[in-house]
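Asker: The following block contains a protein sequence and its predicted model.
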Amino acid sequence: MAEVHRLVPRGVDASIDAVGTPATVLSAFNALRHGGRLVILGVADSTSMVQVPLYSFIQQKVITGSTNGSIRPQVDIPKILERYTSGRLPLERLITSRYPLEEINTAFAEIGQRPGRAVITF
């Protein structure tokens, strides 16, 4: 935390916590400037609690969460599909390997061994 405040003395505009432990949430929250926003993406333990100083809210710090990028499925999914089918969203570029279902064990064994994304084909 000291390093963040050394680099950005007033604090950061926004922080994102994808881990979701009390320690990481609190660290991300404490890095905020007055009026900053923390977005929590991950939750390691759904029963965990985090305590923040009440005065932080007077400083207009905001804590919020996001699931799936806060998409609106009925609106956003049709738009994404339209862009994909029209060729304006080339998702194939993200796929670096393809495995038939019979080679699923090989695909799992190679996770983390090579960079990229693999797809299991049926």
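Answerer: Yep, it's here.

Asker: Which stretches in this structure count as strands?
Answerer: 12-17, 32-40, 62-65, 95-100, 117-121 (DSSP state E).

Asker: Distance to residue 48 added to the ones you listed, as CSV?
Answerer: Just so you know, the C-beta spots here come from the backbone N, C-alpha and C atoms, and that holds for glycine as well. Converted to CSV, these look like this (distance: least, CB to CB, whole Å):
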stretch, distance to residue 48
strand 12-17, 12
strand 32-40, 11
strand 62-65, 13
strand 95-100, 36
strand 117-121, 31
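
Asker: May I have the beta-bridge partners of the closest residue to residue 104 other than its chain neighbours?
Answerer: Closest residue to residue 104 apart from its sequence neighbours, by CB to CB, 6 or more residues apart in numbering: residue 120 at 5.8 Å. For residue 120, the beta-bridge partners under DSSP bridges are residue 99.

Asker: Which parts of the chain are helices?
Answerer: 2-7, 22-30, 55-58, 73-85, 104-109 (DSSP state H).
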